[in-house]
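Colleague: below is the sequence, then the predicted model.
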Protein chains: 2
Amino acid sequence: MEKVAIIGIGQTKFGEHWKYSLRDLMAEAGKKAVDDCGIAGKEIQAIYGGTMSAGRMIGQEHIGALIADAMGLTPIPSTRVENACASGGTALREAYLAVSGGHYDMVVAGGVEKMTDVYTDQASLALGGAADQEWEVFFGATFPSLYALIAKRHMYEYGTTEEQLARVAVKNHHNGALNPLAQFPFEVSIEQVMESPKVAEPLKLLDCSPITDGAAAVILANEETAKKIADTPVWINGSGQASDTLALHDRTNICTLNASVVAGKKAMKQAGVTPKQIDLAEVHDCFTIAEICAIEDLGFVKKGEGGKSMEDGMFDLNSSISINPSGGLKACGHPVGATGVKQAVEIAEHLRGEAGKRQVENVEIALTHNVGGSGASCVVHVFSRGGN
Amino acid sequence: MEKVAIIGIGQTKFGEHWKYSLRDLMAEAGKKAVDDCGIAGKEIQAIYGGTMSAGRMIGQEHIGALIADAMGLTPIPSTRVENACASGGTALREAYLAVSGGHYDMVVAGGVEKMTDVYTDQASLALGGAADQEWEVFFGATFPSLYALIAKRHMYEYGTTEEQLARVAVKNHHNGALNPLAQFPFEVSIEQVMESPKVAEPLKLLDCSPITDGAAAVILANEETAKKIADTPVWINGSGQASDTLALHDRTNICTLNASVVAGKKAMKQAGVTPKQIDLAEVHDCFTIAEICAIEDLGFVKKGEGGKSMEDGMFDLNSSISINPSGGLKACGHPVGATGVKQAVEIAEHLRGEAGKRQVENVEIALTHNVGGSGASCVVHVFSRGGN
């Protein structure tokens, strides 16, 4: 296997981009990534693009060709991958597999979603496509309700409290307030979260990630190419992906996302690290309960201890493990297909020491964790800093 | 690079499957492929699934996890890929890249589409997602009209006639009539094609591929695994993929699908063969004019000579090159995401000598050609027969 590094990164501001289309956003992130490492576009040999539901949200499929076209990179191979909300992480993984397998020297992994061109109820219905349409969505389930079931059970099994869930939002908004590309760069208090309108009990508005437009891109290269081009390549040391049942009711235990457990173990095993060695992680906090599950499923704490550890500040910026320094999906925003790639952009900034006010100190090993639906897909990557 | 072979194949009947859902169809094709090579499901290490527009046609995204779930194969990695009508060919290519790169020993490439759960106009709109939504579909263009533009120009440039286009349908229906899994297994005459209702001049109803439900699956393995399991592994000797502008109006010449040219050359170069050495090809005949372009773009005849060569019977079953022995998209049917995988199933049957009444004689080298949209994506593979 070839060693693979991230050598270029780019991200748009996340938010409601009324003036820009999906292709505008993707082209902006792509151009930033190309400029970041100073390569010529023609050096790129392939594209993997993650998008979840452009068909339903903007009437456009065939996003791979669209990206190649918008970036002026035809006729190179360009492929859309989709694993619901883990589409971005999957694009990163497929790009990694292709380069590490020796098929290309340099590729782009991009992620994009344009969600505000439809009414919110339509966006919510489209997002329902990540769950089981026949057995969940048809009967009225939406994503907040599915994660509310997980939250209720987690509270019942482990005594997790609504205030502990709120603490996730407080931490992530604190970090997001330091991120100039975040959709909601402001602080929120426990009280504000607790008093926000109920969406699906026990989840309130401020427990939920928003509807967002945005794009992110990373350029991956093999060792020889990376060392030529990048001063501070960010190495991908491990990649893991796993699947689970689409519907929650088919799982033995809904408090554990088994795909997270399996993908996390695979990625960390390949990288030769344990959860304790991770300094920084971007995890999939589509709802506050999802972050609690993630830190447990990845082995940062024991199952059931997520809420208490969160309350104790164990995952605050520059504590034991800095979780979601970007602000996470909660405060940075969640343009579905872009999220998994944005996570990689974020950890690259920290490993390169370029994360500004939210810079995590002494980062050696970082991890990204991207979940599809209510956990039917998960992609985990482990990264480390490397000199040239 | 590892050598890669197809060791198992499966396909559903193509047609209108009122009783079966997308997951039923995918599970049936997958089970057939597993049974074909006599492996246990747990030996499969990853899944790549091609689907174009399940979000718009059945409200379901996240098709990778759905396939793993439906086939009882969780928690292995499962990823949906989408390149419009080339989604199936792309699934095959990604599976090939992953195995040849040494990441897995054995994987499934599946393709599926369930198109009859919506009204035909909705299916047509969803298919429009393969074209440029902002610059073509928004202004009223549908796929028949885009290919009609290509046909008109081809007639103007090269004197291609409507009867020559009709000859493609006649040939493919002749082949399809010999295929028990074809949607329309009956012969049509030149007169019937010429007298069928006009869809978009010069294309008539019988120049167009239909709306179809169906699925196909192939199991790929590396050399060591393939030789253990398969009596007649079908080797993948070359894989090429290319992109082009989404919109027709951005191309220098709409009679040439440049993605076909580039992908074809790459695949044949890797396989070390010339167009003359191909004995059998499954090409993308979404419309009769598309097959004319394909045989020219792949180098089987010179640009402009496709119509005349077709009229002369050069591509009939067991002539110089047998094109579309399955009946092609035209007569076998076109469940969009499944088509590219079905093409591989078809050539495997011929290379194994198991194609029944439509068996092409003395096949040594075969090719599949799968196009997305009006040519913004193309995936080509070259295969050969190999003993164990």
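Modeller: Great, that's in hand.
Colleague: so the residue in the stretch 101-250 of chain A positioned nearest to chain B versus residue B:309, what's the distance?
Modeller: As assessed by C-beta to the nearest C-beta, chain B sits closest to residue A:101 within the stretch 101-250 of chain A, at 1.8 Å. Backbone N, C-alpha and C define where each C-beta goes, glycine included. Applying C-beta to C-beta, to the nearest Å, the value for residue A:101 to residue B:309 is 39 Å.
Colleague: contacts (any at all) between chain B and stretch A:118-132?
Modeller: Yes. Applying C-beta under 8 Å from any C-beta of the partner chain, one finds that stretch A:118-132 is in contact with chain B at A:125, A:126, A:128, A:129, A:130, A:131, A:132.
Colleague: now, which of the residues you listed sits nearest residue A:239?
Modeller: residue A:130 (21.5 Å; C-beta to C-beta).
Colleague: isn't that closest one right up against residue B:63?
Modeller: No. If you go by C-beta atoms under 8 Å, residue A:130 and residue B:63 don't touch, sitting 10.6 Å apart.
Colleague: would you confirm that residue A:177 contacts residue A:171?
Modeller: No. Residue A:177 is beyond contact range of residue A:171, at 10.9 Å (criterion: C-beta under 8 Å).
Colleague: okay, these two: which has more neighbours?
Modeller: residue A:171 (28 against 17; other C-beta atoms under 10 Å in any protein chain shown).
Colleague: so that one, which of the three states?
Modeller: Secondary structure, DSSP: H, G, I helix; E, B strand; the rest coil: residue A:171 is helix.
Colleague: ok, for residue A:164, nearest residue in space, not its chain neighbours?
Modeller: Sequence neighbours aside, residue A:307 is the residue nearest to residue A:164 in space, at 3.4 Å (criterion: C-beta to C-beta, 6 or more residues apart in numbering or on different chains).
Colleague: surely that neighbour is within a helix?
Modeller: Yes. According to three-state DSSP, the state of residue A:307 is that of a helix.
Colleague: and it, how many residues sit next to it?
Modeller: When neighbours are counted by other C-beta under 10 Å, residue A:307 registers 26.
Colleague: now swap in residue A:250 and tell me
Modeller: Residue A:250: 14 surrounding residues under other C-beta under 10 Å.
Colleague: how far away is it from residue B:309?
Modeller: Distance check for residue A:250 against residue B:309: by C-beta to C-beta, it reads 54 Å.
Colleague: ditto for residue A:57
Modeller: 44 Å.
Colleague: who has more neighbours out of those two?
Modeller: Counted by other C-beta under 10 Å, residue A:57 and residue B:309 do not tie: residue A:57 has more neighbours, with 24 against 21.
Colleague: ends of stretch A:252-262, what's the gap?
Modeller: Using C-alpha to C-alpha, to the nearest Å, one end of stretch A:252-262 lies 15 Å from the other.
Colleague: what's the answer for stretch A:202-213, then?
Modeller: For stretch A:202-213, the end-to-end distance is 27 Å (C-alpha to C-alpha).
Colleague: which stretches of chain A have low pLDDT?
Modeller: For chain A, the stretches with pLDDT under 70 are A:387-388.
Colleague: helices of that one, start to end?
Modeller: Here chain A has its helices, by DSSP state H, at A:22-37, A:54-58, A:63-70, A:87-100, A:120-128, A:143-158, A:162-176, A:190-195, A:223-229, A:258-271, A:288-297, A:306-311, A:328-332, A:336-351.
Colleague: what's the most buried one of those?
Modeller: Neighbour counts (mean count of other C-beta atoms under 10 Å in any protein chain shown) averaged over each of these peak at helix A:328-332, with a mean of 32.
Colleague: output the contacting helices and strands for that helix.
Modeller: The contact analysis (3 or more C-beta pairs under 8 Å, 6 or more residues apart in numbering or on different chains; DSSP states H and E) places helix A:328-332 against helix A:162-176, helix A:288-297.
Colleague: pipe the ones you listed into CSV and attach distance to residue A:376 per row.
Modeller: What follows is these, written out as CSV (distance: least, C-beta to C-beta, whole Å):
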stretch, distance to residue A:376
helix A:162-176, 22
helix A:288-297, 13
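Colleague: near chain B, which residues of the stretch 151-300 of chain A show up?
Modeller: Checking the stretch 151-300 of chain A against chain B by C-beta under 8 Å from any C-beta, the hits are A:241, A:242, A:243, A:244, A:245, A:246, A:247, A:250, A:258, A:259, A:262.
Colleague: residue contacts, the residue nearest to the third one when sequence neighbours are not counted?
Modeller: With C-beta to C-beta, 6+ apart as the criterion, residue A:243 has its nearest non-adjacent residue at 4.0 Å, and that residue is residue B:68. Residue B:68 makes contacts with A:243, B:47, B:74, B:75, B:76, B:78, as judged by C-beta atoms under 8 Å, 6 or more residues apart in numbering or on different chains.
Colleague: is any residue of stretch A:381-388 near chain B?
Modeller: No. Stretch A:381-388 stays clear of chain B (C-beta under 8 Å from any C-beta), getting no nearer than 13.0 Å.
Colleague: next one: that stretch to chain centre, how far?
Modeller: 18 Å (C-alpha atoms, centre = their mean, to the nearest Å).
Colleague: now it: buried residues?
Modeller: For stretch A:381-388, the neighbour count (16 or more other C-beta atoms under 10 Å in any protein chain shown) marks A:381, A:382, A:383, A:384, A:385, A:386 as buried.
Colleague: domains of chain A?
Modeller: As given by automatic domain parsing, the domain ranges for chain A are A:4-119+A:211-234, A:131-208+A:237-385.
Colleague: out of those, nearest to residue B:166?
Modeller: That would be domain A:4-119+A:211-234 among the domains of chain A, by C-beta to C-beta, at 29.0 Å.
Colleague: thought residue A:5 was touching residue A:231?
Modeller: No. Taking contacts as C-beta under 8 Å, residue A:5 lies outside contact range of residue A:231: 11.4 Å.
Colleague: who has more neighbours out of those two?
Modeller: Between residue A:5 and residue A:231, counting by other C-beta under 10 Å, residue A:5 is the more crowded of the two (26 against 10).
Colleague: for residue A:99, see how far away that one is.
Modeller: With distances taken as C-beta to C-beta, residue A:5 is found 9 Å from residue A:99.
Colleague: mutual contacts of those two, please.
Modeller: Contact criterion C-beta under 8 Å, 6+ apart; residues bridging residue A:5 and residue A:99 by contacting each: A:220, A:221.
Colleague: can you tell if stretch A:26-38 touches chain B?
Modeller: No. Applying C-beta under 8 Å from any C-beta, one finds stretch A:26-38 separated from chain B by no less than 12.7 Å.
Colleague: export only the CA atoms of that stretch, formatted as PDB.
Modeller: Taking Å, rounded to 0.1, in the frame of the first residue of the first chain, the C-alpha atoms of stretch A:26-38 are listed here in PDB:
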ATOM      1  CA  MET A  26     -18.100  22.900  -4.900                       C
ATOM      2  CA  ALA A  27     -16.000  25.000  -7.300                       C
ATOM      3  CA  GLU A  28     -15.100  27.500  -4.500                       C
ATOM      4  CA  ALA A  29     -14.000  24.700  -2.100                       C
ATOM      5  CA  GLY A  30     -12.100  22.900  -4.900                       C
ATOM      6  CA  LYS A  31     -10.300  26.100  -6.000                       C
ATOM      7  CA  LYS A  32      -9.300  26.800  -2.400                       C
ATOM      8  CA  ALA A  33      -7.900  23.300  -2.100                       C
ATOM      9  CA  VAL A  34      -5.900  23.600  -5.300                       C
ATOM     10  CA  ASP A  35      -4.600  27.100  -4.300                       C
ATOM     11  CA  ASP A  36      -3.700  25.800  -0.800                       C
ATOM     12  CA  CYS A  37      -1.100  23.500  -2.200                       C
ATOM     13  CA  GLY A  38      -0.200  25.400  -5.300                       C
END
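Colleague: residues contacting the nearest residue to residue A:192 once chain neighbours are set aside?
Modeller: Spatial nearest neighbour of residue A:192, chain neighbours left out: residue A:206 (6.4 Å); criterion: C-beta to C-beta, 6+ apart. Residue A:206 sits next to A:166, A:169, A:188, A:192, A:193, A:196 when contact means C-beta under 8 Å, 6+ apart.
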